[in-house]
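K.L.:
From the sequence below, what's the structure:
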Amino acid sequence: MADRKHDEILLHRDPVKGKYPAPGRYKRGQSVPVPESVGVTLDLTVDTLLDGDD
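P.N.:
Below is the predicted model:
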């Protein structure tokens, strides 16, 4: 989830009993890991996710 108000990306994963624990928080300058279940390797930077591709 892109949280532009707080300038960060929130990554919800690994649900427990149908609920998600506290999300991973990623700030500008960091990369967001893609869950292994997706089956590909990507370098998703917070800056690109918040600003879009120039």
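K.L.:
So which residue is dead centre in the chain?
P.N.:
When the chain is reduced to its mean C-alpha position, the closest residue under C-alpha atoms, centre = their mean turns out to be Leu11, at 4.0 Å.
K.L.:
Could you tell me which strands the worst-scoring helix or strand of the chain on mean pLDDT is paired with, and in which direction each runs?
P.N.:
For the chain, the helix or strand with the lowest mean confidence is strand 44-45, at a mean of 90 (criterion: mean pLDDT, DSSP states H and E). Within its sheet, strand 44-45 is paired with strand 31-32 (antiparallel), according to DSSP bridges.
K.L.:
and the partner strand, how far from the chain's centre?
P.N.:
Once both centres are worked out by C-alpha atoms, centre = their mean, to the nearest Å, strand 31-32 turns out to sit 6 Å from its chain's centre.
K.L.:
Next: stretch 3-23.
P.N.:
Counting by C-alpha atoms, centre = their mean, stretch 3-23 comes out at 8 Å from the chain centroid.
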